[in-house]
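Undergrad: Quick check, what structure comes out for this input:
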Amino acid sequence: MPRRLLLCLLLLCALSTAQARPVIHLTVQGAIGPASADYLIRGLKRAADEGAQLVVVALDTPGGLDTSMRAIIQAILASPVPVATFVYPQGARAASAGTYILYASHIAAMAPATNLGAATPVAIGIGGPQPEADKPADTPAKEGGGKDKAARDKPDKAPMPSADAMTRKQVHDATAYIRSLAELRGRNVAWAERAVREAVSLSAEQALKEKVIDLIAEDLADLLAKLDGRVLRTAQGEVKLATKGVSPTTLEPDWRSRLLAVIGDPSIAYILMLIGIYGLIYEFANPGFGVPGVIGAISLLLAMFALNMLPVDYAGLALILIGIAFMVAEVFVPSFGILGLGGLIAFIVGSVMLIDTDVPGYGLPWGLILSLAASTALFMFFVVGMALKARRRPVVTGAEQLVGAEATLLEDCQTEGWARVHGETWRIRCPRPLSRGSRVRVKRVEGLTLDVEPLEE
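TA: Numbers count the residues shown, from 1 in each chain. This is a model prediction of the structure:
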């Protein structure tokens, strides 16, 4: 009897331990970029280190960068901890890159009044094929659960609109990618292809009928209750979930992710780049001050780090640099405004071309471009111009300001004597005898003696 009781206690302890395995909760809102990718990848790693049984990603995104999306998907596919992507809260969406992440996850869930789709690639600045004007955005589902299995598994052969070779290549690559994810997770392959080729979207209820997602949940607690007891296959084997009643552990972005989110914003990176260029130009024009050079160097390094993570068009970056160079040249070489105007135009055009993507949230607003273009022109014409004028002015303090000054002899002198310079009496050395009252000019200063020459010479 005691042995049976001991076995029961051990079994209860084992069950309680299994149920106590944590659930990690991550939140992604806004465009998918380097910061969100870093946050999710590190969150998955921490979940594996802590022995979590599940990672829930609350997702609300209009899309994002292709490179960041693929990094997230690779981390999900390699994760030993199953991932449930939950389009939440109500009113959220998983558009474009969010649809790929949803398809790649072990569990795809949505809250009511949410949507997904519109997965046509626009990550490198192409618009992608759009739905035909005379074709409905989606096909109504059949009664009794939507399309049958044969219709779902057969890819739609919708004709693609005419596009150049690069557009077709991007669309075909994206179609193959999302199809492989759909086949891996056993989800609707045909609709996944339509989401890429025709940019169609689905509501949560339609997505469940079409077998695009696995379930609909009201909130996080409802999701965990519905996932309880499910067996999921991960990269390291099967995992049985015991999530009912478990309080999830929310991981907030740390300082690194917050810093990446700030400097990874294209507008911030653009401003940092210009501050760096301004600071270095001012330091070179007026050396010795120090502060502009230090601030400029730090800002430029941060901008280079941020631009390295963003889809940058280097032709646009070159136009910005050429435009700034032309505006600086206008200060040195007056060209009646031709260099300055050309530099301003090159600066604006390069700023428009700088970020090579149509992803929402990753463009440079016109207001920012025009305001910084105007401030750049003012900076070059006035601030740098004033610094150069100050540099060209003669020295007005110290011993150097005596060179070239005129003096009046206070006595007759053969080779040495005394003279008055700027209201001060100085010892002078002259090349020949001079009489009192003669006017001389200072040639150089040696200690407390001035070498002079007659003014008439």
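Undergrad: ok, and the helix or strand in the chain with the lowest average confidence?
TA: Confidence across the helices and strands of the chain bottoms out at helix 149-153, with a mean of 45, counting by mean pLDDT, DSSP states H and E.
Undergrad: can you give me the helices in the stretch 301-450 of the chain?
TA: For the stretch 301-450 of the chain, the helices defined by DSSP state H, counting those that start in this stretch occupy 314-332, 338-354, 366-378, 385-392.
Undergrad: now the stretch 51-200 of the chain
TA: Counting by DSSP H, counting those that start in this stretch, the helices of the stretch 51-200 of the chain are 66-78, 97-104, 149-153, 165-185, 189-197.
Undergrad: got the buried residues for the fourth one?
TA: Meaning helix 165-185. 167, 170-171, 174-175, 177-179, 181-182, 185 (16 or more other CB atoms under 10 Å). To be clear about C-beta, it is placed using only N, CA and C from the backbone, and glycine gets the same treatment.
Undergrad: just checking, residue 376 touches residue 326?
TA: No: here residue 376 does not reach residue 326: they are 11.1 Å apart, not a contact under CB atoms under 8 Å.
Undergrad: quick one, which of the helices of the stretch 51-200 of the chain is nearest to residue 60?
TA: Residue 60 lies closest to helix 97-104 among the helices of the stretch 51-200 of the chain, at 8.1 Å (CB to CB).
Undergrad: Show me what that closest one is in contact with.
TA: 32, 57, 59, 61-66, 68-69, 72-73, 76-77, 85, 87, 94, 108, 116-119, 123, 177-178, 181-182, 184-185, 187, 192, 195, 213 (CB atoms under 8 Å, 6 or more residues apart in numbering).
Undergrad: which of those are buried?
TA: Buried members of the contacts of helix 97-104, scored by 16+ other CB under 10 Å, are 32, 57, 59, 61-66, 68-69, 72-73, 76, 85, 87, 94, 108, 116-119, 123, 177-178, 181-182, 185, 187, 192, 195, 213.
Undergrad: Assess the claim that residue 353 and residue 312 are in contact.
TA: No: with contact defined as CB under 8 Å, residue 353 does not reach residue 312; the gap is 9.6 Å.
Undergrad: Under the pLDDT cut-off, which ranges of the stretch 251-400 of the chain? List them.
TA: 288, 334-337, 357-362, 383-400 (pLDDT under 70).
Undergrad: Can you get me the start-to-end distance on stretch 205-221?
TA: Using CA to CA, to the nearest Å, the span of stretch 205-221 from its first residue to its last is 19 Å.
Undergrad: List the buried residues of it.
TA: 206-217, 220.
Undergrad: starting at the chain centroid, how far to that stretch?
TA: Distance of stretch 205-221 from the chain centroid (CA atoms, centre = their mean, to the nearest Å) equals 32 Å.
Undergrad: same question, stretch 449-457
TA: Distance of stretch 449-457 from the chain centroid (CA atoms, centre = their mean) equals 65 Å.
Undergrad: do the same with stretch 305-321
TA: 11 Å.
Undergrad: any residues touching that stretch, and which ones?
TA: Outside of stretch 305-321, the residues within contact range by CB under 8 Å, 6+ apart are 33-34, 65, 67, 123-125, 260, 263-266, 268-269, 272-273, 277, 346-347, 349-357, 362.
Undergrad: Mind exporting the C-alpha coordinates of that stretch to PDB?
TA: Provided in PDB are the C-alpha atoms of stretch 305-321 (Å, rounded to 0.1, in the frame of the first residue of the first chain):
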ATOM      1  CA  PHE A 305      24.400  50.300 -39.300                       C
ATOM      2  CA  ALA A 306      20.700  51.000 -39.900                       C
ATOM      3  CA  LEU A 307      21.000  51.400 -43.600                       C
ATOM      4  CA  ASN A 308      22.900  48.100 -43.800                       C
ATOM      5  CA  MET A 309      19.700  46.400 -42.500                       C
ATOM      6  CA  LEU A 310      17.400  48.200 -44.900                       C
ATOM      7  CA  PRO A 311      16.800  47.800 -48.600                       C
ATOM      8  CA  VAL A 312      18.900  50.800 -49.700                       C
ATOM      9  CA  ASP A 313      19.100  51.900 -53.300                       C
ATOM     10  CA  TYR A 314      22.800  52.900 -53.700                       C
ATOM     11  CA  ALA A 315      22.100  55.100 -56.700                       C
ATOM     12  CA  GLY A 316      19.800  57.200 -54.400                       C
ATOM     13  CA  LEU A 317      22.500  57.300 -51.800                       C
ATOM     14  CA  ALA A 318      25.100  58.400 -54.400                       C
ATOM     15  CA  LEU A 319      22.700  61.200 -55.600                       C
ATOM     16  CA  ILE A 320      22.300  62.500 -52.000                       C
ATOM     17  CA  LEU A 321      26.100  62.600 -51.600                       C
END
